[in-house]
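A.B. asks: only geometry, no sequence info:
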């Protein structure tokens with residue numbers, strides 16, 4: 001998917017183009033700089049292989065095989081919070 005189509009999709013879904021995935025995640029978890037990428041412990045499975053790709057504005061956990069952009073992360077966090085509260 002190209003950068004322009006990703007931008008259009010984000011605008012249509014209500015995500016501000018100025019909202020950086022990195023800045024959003026930094027408010028919620030400890031990211032460690034690893035070259036052009038960032039690493040952290042996965043908030044969904046607890047695995048150590050959660051990687052954030054800053055240029056593509058995407059994330060991937062190589063432990064639980066989940067990944068996506070900012071909206072997917074928010075969606076999965078809402079699901080996790082719902083599961084905890086029930």
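C.D. replies: In hand now; what should we look at? It should be emphasised that the depicted structure is a prediction, and the values quoted were computed from it without experimental measurement.
A.B. asks: Using the neighbour-count criterion, name the buried positions in stretch 65-72.
C.D. replies: Applying a neighbour-count criterion of 16 or more other Cβ atoms under 10 Å, one finds 66, 69, 70 buried in stretch 65-72. Using the backbone N, CA and C atoms, a C-beta is placed for each residue, glycine as well.
A.B. asks: Surely residue 67 and residue 58 touch.
C.D. replies: Yes - with contact defined as Cβ atoms under 8 Å, residue 67 counts as touching residue 58 (6.5 Å).
A.B. asks: I'd like to know which of the buried residues of stretch 65-72 are part of helices.
C.D. replies: Using DSSP state H, the members of the buried residues of stretch 65-72 that fall within helices are residue 70.
A.B. asks: what stretches of the protein score poorly on pLDDT?
C.D. replies: Along the chain, the parts satisfying pLDDT under 70 run over 1-19.
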